[in-house]
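**Student:** coords please:
(chains A and B)
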There are 2 protein chains.
Amino acid sequence: MQRYFIDEALEVDQHFSITSDDAHHMKNVMRFRPEDTFHAVDQKQCTYLCEIAEVSHDIDCRVISAVDESPELPVKVTLYCPLLKGEKFDWMIQKATELGAHEFLIYEADRSIVRLDDKKRKKRLERFGKIVKEASEQSRRQVIPNIDFVPAVDRLDFEEYDRLLFAFEGNALNPATNIQSAISDIAHGSRIAFIFGPEGGFSEAETKQLSKHHSIRLGPRILRAETAPLYALSAISNSFETPASN
Amino acid sequence: MQRYFIDEALEVDQHFSITSDDAHHMKNVMRFRPEDTFHAVDQKQCTYLCEIAEVSHDIDCRVISAVDESPELPVKVTLYCPLLKGEKFDWMIQKATELGAHEFLIYEADRSIVRLDDKKRKKRLERFGKIVKEASEQSRRQVIPNIDFVPAVDRLDFEEYDRLLFAFEGNALNPATNIQSAISDIAHGSRIAFIFGPEGGFSEAETKQLSKHHSIRLGPRILRAETAPLYALSAISNSFETPASN
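**Tutor:** Okay, here's the model as predicted:
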């Protein structure tokens, strides 16, 4: 079932209009006609089955019924990641959105290869926004992850998180640091942050700075910068979205 | 530490030569000189610290000592996957290699979009072989995953596996099917196979055929064809490579 995010609160039987990009997609890609149905996720992060009432310049729609689903991770996961070369960051945020990421915060690491000025950052955020929106629709989520730039790690305040996990390559040979040991006692509803390094890894200063937090490994193999967040989210899902483990 | 796979059995103090592509890489990319060190993984899947003795047309090397490491998953995971459009299959096998896949077997699904004749398959296997070799070196593995083409699922015999897991999109809303429930009782050393569908999902015939095996979900979100294997491997690693869970 096709899914769209709607920027208002919906109720059953309500009529609403879809405009701009989504209307274009409904008309020209999906070729929707009156009585065709789709899922709309509203501002309250609730999902509704809706039908097309009329297709003109905009799309007039009607809410049929609420949909009972829980596609969001039971913990809110923020990923702190530096930009990566080429298309790697694009596809990491696409995949991490499918896997349930709540937020991406982009920091400039000491060894970051990709560095952007403010103008380029703004343009890049527009592209990233489109990628995570489409990935949220495709993976049937109720939340579009937030994505933004933040300062370097030595200027960050992590107080809002219930747990901060530092994905450090140097732990690869230490099984006791495997992520599961650091997340098994976390309560549903908690906020977790992960810090991942750039292609060349963390600098000594960053490692020292971050070592005071939970330092973890993601298995014994060395993962590329764009792969590590996907392991972390999959492990979180496997741990928190399996009934027996709750 | 740079890593190379060596096609012979090594012993401490032994001298051996590295030729062709790896020799080129050592000379022209790493710019190795005598006394520089690297890791060599031999035919027995053991890792050795080695040093360069002499750089000429080939590279003359000496084994210094054995390296104690266990980068391989405690279970052997075979992934049955159809080819995917564009570069998606390339990067899936790269990431899945980092995450510990033992073998990739490519089948033609009823809804496969990419279909190749024998000549193209051969060329493609050469490229895939390079991708998984490089990913094995980079992620510091001791095994280069095998990769090959196999027949369609209705002609496959899965008897060699201790467990066969069918990653079925239709399970997304059923938490009881989460992968952890289907792997928690598997012994170390077992062989596990996963079957993943193409971009458009499994056909009705395939679903009927495969439903007799363990039908699982990978969290409640709908993952793209190239993302699902990465979740599966991460969950396996998190489950089997965390000491407390053994």
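**Student:** If you count contacts, what does the helix of greatest length in chain A end up packed against?
**Tutor:** When chain A is parsed with DSSP state H, its longest helix is helix A:118-138. For helix A:118-138, the packing partners by 3 or more CB pairs under 8 Å, 6 or more residues apart in numbering or on different chains; DSSP states H and E come out as strand A:3-5, helix A:88-98, strand A:146-149. Just so you know, the C-beta spots here come from the backbone N, C-alpha and C atoms, and that holds for glycine as well.
**Student:** and among these, the most buried is which?
**Tutor:** helix A:88-98 (a mean of 23; mean count of other CB atoms under 10 Å in any protein chain shown).
**Student:** out of the helices and strands packed on helix A:118-138, nearest to chain B?
**Tutor:** helix A:88-98 (5.1 Å; CB to the nearest CB).
**Student:** packing partners for the closest one?
**Tutor:** Short answer (3+ CB pairs under 8 Å, 6+ apart): helix A:88-98 packs on strand A:76-81, helix A:118-138, helix A:228-240.
**Student:** what's that helix in contact with?
**Tutor:** Helix A:88-98 is contacted from outside by A:79, A:81, A:83-84, A:101, A:104, A:114, A:127-128, A:131-132, A:134-136, A:138-139, A:141, A:145, A:147, A:224-226, A:229-230, A:233, B:91, B:221-224, B:227, B:230, using CB atoms under 8 Å, 6 or more residues apart in numbering or on different chains.
**Student:** Report the residue ranges of every domain in chain A.
**Tutor:** Using automatic domain parsing, the domain ranges for chain A come out as A:3-67, A:76-245.
**Student:** May I see these arranged in TSV, with distance to B:Asn28 and mean pLDDT as well?
**Tutor:** Formatted as TSV, those follow (distance: least, CB to CB, whole Å; pLDDT from 0 to 100):
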stretch	distance to B:Asn28	mean pLDDT
domain A:3-67	48	96
domain A:76-245	21	95
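**Student:** most tightly surrounded among the ones you listed?
**Tutor:** domain A:76-245 (a mean of 19).
**Student:** Check for me that A:His25 belongs to a helix.
**Tutor:** Yes. A:His25: assigned to a helix according to DSSP: H, G, I helix; E, B strand; the rest coil.
**Student:** Skipping its backbone neighbours, what lies nearest it in space?
**Tutor:** A:Tyr4 (7.9 Å; CB to CB, 6 or more residues apart in numbering or on different chains).
**Student:** now A:Glu11
**Tutor:** A:Val63 (6.4 Å).
**Student:** for A:Glu241, same thing?
**Tutor:** Using CB to CB, 6+ apart, the closest residue to A:Glu241 is B:Gly219 (5.2 Å).
**Student:** How is A:Ser181 classified with respect to secondary structure?
**Tutor:** Per three-state DSSP, A:Ser181 ends up helix.
**Student:** Am I right that it is in contact with A:Ser239?
**Tutor:** No. Counting by CB atoms under 8 Å, A:Ser181 sits too far from A:Ser239 to count as a contact (10.9 Å).
**Student:** who touches the residue nearest the centre of chain A in this structure?
**Tutor:** Geometric centre of chain A, nearest residue: A:Ala101, 3.0 Å, by CA atoms, centre = their mean. Counting by CB under 8 Å, 6+ apart, A:Ala101 touches A:77-79, A:93, A:145, A:229, A:233.
**Student:** The residue nearest to A:Glu11 and A:Glu8 touch, don't they?
**Tutor:** No. Assessed by CB under 8 Å, A:Val63 is found out of contact with A:Glu8, at 11.0 Å.
**Student:** one step back: I'd like to know which of the helices and strands packed on helix A:88-98 is closest to A:Asp58.
**Tutor:** helix A:118-138 (18.9 Å; CB to CB).
**Student:** Is chain B within reach of stretch A:195-207?
**Tutor:** No. Against chain B, stretch A:195-207 shows no contacts by CB under 8 Å from any CB of the partner chain, the least distance being 11.0 Å.
**Student:** and that stretch, how far out from the chain's middle?
**Tutor:** On the basis of CA atoms, centre = their mean, to the nearest Å, stretch A:195-207 sits 21 Å off its chain's mean C-alpha point.
**Student:** Send me that stretch as PDB with only the CA atoms.
**Tutor:** The C-alpha atoms that make up stretch A:195-207 are tabulated as PDB, following Å, rounded to 0.1, in the frame of the first residue of the first chain:
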ATOM      1  CA  ILE A 195      28.700   8.000  17.700                       C
ATOM      2  CA  PHE A 196      30.300   6.700  14.500                       C
ATOM      3  CA  GLY A 197      33.600   7.800  13.000                       C
ATOM      4  CA  PRO A 198      34.600   8.800   9.500                       C
ATOM      5  CA  GLU A 199      36.300   6.600   6.900                       C
ATOM      6  CA  GLY A 200      39.700   7.000   8.600                       C
ATOM      7  CA  GLY A 201      38.400   6.300  12.100                       C
ATOM      8  CA  PHE A 202      38.500   8.500  15.200                       C
ATOM      9  CA  SER A 203      41.500  10.700  16.000                       C
ATOM     10  CA  GLU A 204      43.400  10.200  19.300                       C
ATOM     11  CA  ALA A 205      41.800  13.300  20.800                       C
ATOM     12  CA  GLU A 206      38.300  12.100  19.900                       C
ATOM     13  CA  THR A 207      39.000   8.600  21.200                       C
END
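**Student:** Just the residues contacting it, thanks.
**Tutor:** Residues contacting stretch A:195-207 (CB under 8 Å, 6+ apart): A:79-85, A:109-113, A:153-154, A:164-170, A:210, A:213, A:224-225, A:228-229, A:232.
**Student:** switch the cut-off to 7 Å
**Tutor:** Residues from elsewhere that reach stretch A:195-207 (CB atoms under 7 Å, 6 or more residues apart in numbering or on different chains): A:79-82, A:84-85, A:109-113, A:153, A:166-169, A:210, A:225, A:228-229.
**Student:** mind listing which of the residues you listed are in helices?
**Tutor:** Reading helices off the contacts of stretch A:195-207 with DSSP H, I get A:210, A:228-229.
**Student:** Kindly report the residues of chain A close to chain B.
**Tutor:** A:69-71, A:95, A:98-100, A:138-141, A:173, A:175-176, A:178-181, A:219-224, A:227, A:230-231, A:234-235, A:237-238, A:241-245 (CB under 7 Å from any CB of the partner chain).
**Student:** Against chain B, how distant is the residue nearest to A:Leu49 when sequence neighbours are not counted?
**Tutor:** Of all residues not flanking A:Leu49 in the chain, A:Ile64 sits nearest, at 4.6 Å (CB to CB, 6+ apart). Counting by CB to the nearest CB, to the nearest Å, the gap between A:Ile64 and chain B amounts to 19 Å.
**Student:** so A:Ile64 touches A:Glu51, yeah?
**Tutor:** Yes. Applying CB atoms under 7 Å as the test, A:Ile64 and A:Glu51 come out as touching, 5.7 Å apart.
**Student:** Could I get the contacting residues of the residue nearest to A:Glu241?
**Tutor:** Here B:Gly219 is in contact with A:100, A:237, A:241, B:231 (CB under 7 Å, 6+ apart).
**Student:** Quick one: those as TSV, columns for distance to B:Gln14 too.
**Tutor:** Formatted as TSV, those follow (distance: CB to CB, whole Å):
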residue	distance to B:Gln14
A:Gly100	49
A:Ser237	46
A:Glu241	50
B:Tyr231	42
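**Student:** hang on, the earlier thing: please report how far the residue nearest to A:Leu49 lies from B:Asn238.
**Tutor:** 40 Å (CB to CB, to the nearest Å).
**Student:** picking that back up, between the contacts of A:Ala101, which is closest to chain B?
**Tutor:** Checking the contacts of A:Ala101 against chain B with CB to the nearest CB, the nearest one is A:Leu233 at 8.1 Å.
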